[in-house]
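Q: This is a predicted model, with the sequence first.
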Amino acid sequence: MTRRLRIEHTTRVSYAQAAVSSHNEVRMTPLTLPGQTTLDARVTIRPAATTWSYWDYWGTQVTAFELMDPHADLTITASSLVETAPPGPLPEALDWAAVTDRTTGSRLLEFAAPTVRTTVPPKLLKKARKAAAGLDPHGTAVAVSGLVADRVSYLPGATGVNTSAAEAWERGAGVCQDIAHVTIALLRGLGLPTRYVSGYLHPERDAELHRPVAGQSHAWIEYWAGDWHGYDPTNRTRADESHVVVGRGRDYDDVTPHKGVYRGVAGGPPEVTVEFTRVA
């Protein structure tokens, strides 16, 4: 069954002293895709600022703005209403030779090469090859995701925003961002184009209508086996109607929800809240 979700994502930044000015980019607007329709979306800024939007290279909608007057804090609220549908049955995957042939010389190469965040030592790739031995691309994605989830426990606060895939594996703990990065690193190392997905996950599969619940932003992967297929390695499941896609890229750096620069004294980390309400 389809779902209709209202999402409110709020980021609050407080400066140690008033910032003289700031320049910002926000990637918090859900995409309209097969199986996902964004019915309404808006980004509001306090203090008030003029915004402009564009689509970046990776196909994510960006809201940009600047504040040229001193401001002690900044609040960004992204509100959206999204309708999602369950994924259909998985089609038969291409064989490995076909995946390699289609990747060579195409834009899929951008999702086949390692990045700084998704580089792992050869010993980890050896483990992944063993886990995926004899499997087709669909089976490989599931097996490698399971390998990563078995090793990297979900533990908020165990890692930072700049933690690499190799570091998360060594620590044996991380958040969804880290689990996605490790999975991407291993699948790319096996020859399967894989991209990072930034978005939201409703925390309750059987959510009560019109009851707001606290959630958070989320990260998962999409791998290419003739078409793109979403998989959530943190929760060991296909991406479904509880997942809402905001952006895709090579890794977190391509789809960071909020980034920018400001003139002023360094402050603490932002305060982020996400609230979901299922309305249908």
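A: The structure has been received and is ready for your questions. Numbering: from 1, shown residues only.
Q: now the helices: where do they sit in the protein?
A: Applying DSSP state H to the chain gives helices spanning 96-103, 122-131, 137-151, 165-171, 176-189.
Q: hey, which of those helices is tucked in deepest?
A: Comparing those by mean neighbour count (mean count of other Cβ atoms under 10 Å), helix 176-189 ranks first with a mean of 28. C-beta coordinates here come from the backbone N, C-alpha and C atoms, glycine included.
Q: For it, what is the distance to the chain centroid?
A: Helix 176-189 sits 12 Å away from the centroid of its parent chain (Cα atoms, centre = their mean, to the nearest Å).
Q: tell me the mean pLDDT over it?
A: Per-region confidence: helix 176-189 scores 98 on mean pLDDT.
Q: returning to that earlier point: which one, of the helices of the chain, ends up nearest to A113?
A: Nearest to A113 among those is helix 176-189; the distance by Cβ to Cβ comes to 7.0 Å.
Q: picking that back up, can you lay out the helices of the chain as a markdown table showing distance to T234?
A: Shown next, in a markdown table, are those (distance: least, Cβ to Cβ, whole Å):
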| stretch | distance to T234 |
| --- | --- |
| helix 96-103 | 25 |
| helix 122-131 | 17 |
| helix 137-151 | 7 |
| helix 165-171 | 12 |
| helix 176-189 | 4 |
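Q: Would you mind saying which of these lies nearest S22?
A: When the helices of the chain are compared for distance to S22 using Cβ to Cβ, the nearest one is helix 176-189, at 24.1 Å.
Q: From the contact counts, what lies against the closest one?
A: Secondary-structure packing of helix 176-189 (3 or more Cβ pairs under 8 Å, 6 or more residues apart in numbering; DSSP states H and E): helix 122-131, helix 137-151, helix 165-171, strand 194-201, strand 217-224.
Q: Can you list the strands that the fourth one pairs with?
A: So that's strand 194-201. strand 217-224 (antiparallel), strand 243-249 (antiparallel) (DSSP bridges).
Q: Now do that strand: distance to the chain's middle.
A: Centroid separation for strand 194-201 versus its chain: 3 Å, with Cα atoms, centre = their mean.
Q: quick one: which of the strands paired with strand 194-201 is nearest F276?
A: strand 243-249 (9.1 Å).
Q: which residues touch the closest one?
A: 5, 7, 27-31, 33, 36, 58-61, 82, 84, 195-202, 217-218, 220, 222, 230, 232, 239, 254-255, 257 (Cβ atoms under 8 Å, 6 or more residues apart in numbering).
Q: hang on, the earlier thing: mean pLDDT, distance to Y154 and mean neighbour count for the strands paired with strand 194-201 - can I get that in JSON lines?
A: Listed next are these as JSON lines, based on pLDDT from 0 to 100; distance: least, Cβ to Cβ, whole Å; neighbours: other Cβ atoms under 10 Å:
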{"stretch": "strand 217-224", "mean pLDDT": "98", "distance to Y154": "11", "mean neighbour count": "23"}
{"stretch": "strand 243-249", "mean pLDDT": "98", "distance to Y154": "16", "mean neighbour count": "23"}
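Q: of all these, which lies closest to H210?
A: The closest of the strands paired with strand 194-201 to H210 is strand 243-249. By Cβ to Cβ, the value is 18.1 Å.
Q: and the closest one, how far from the chain's centre?
A: Centre-to-centre, strand 243-249 and its host chain are 6 Å apart (Cα atoms, centre = their mean).
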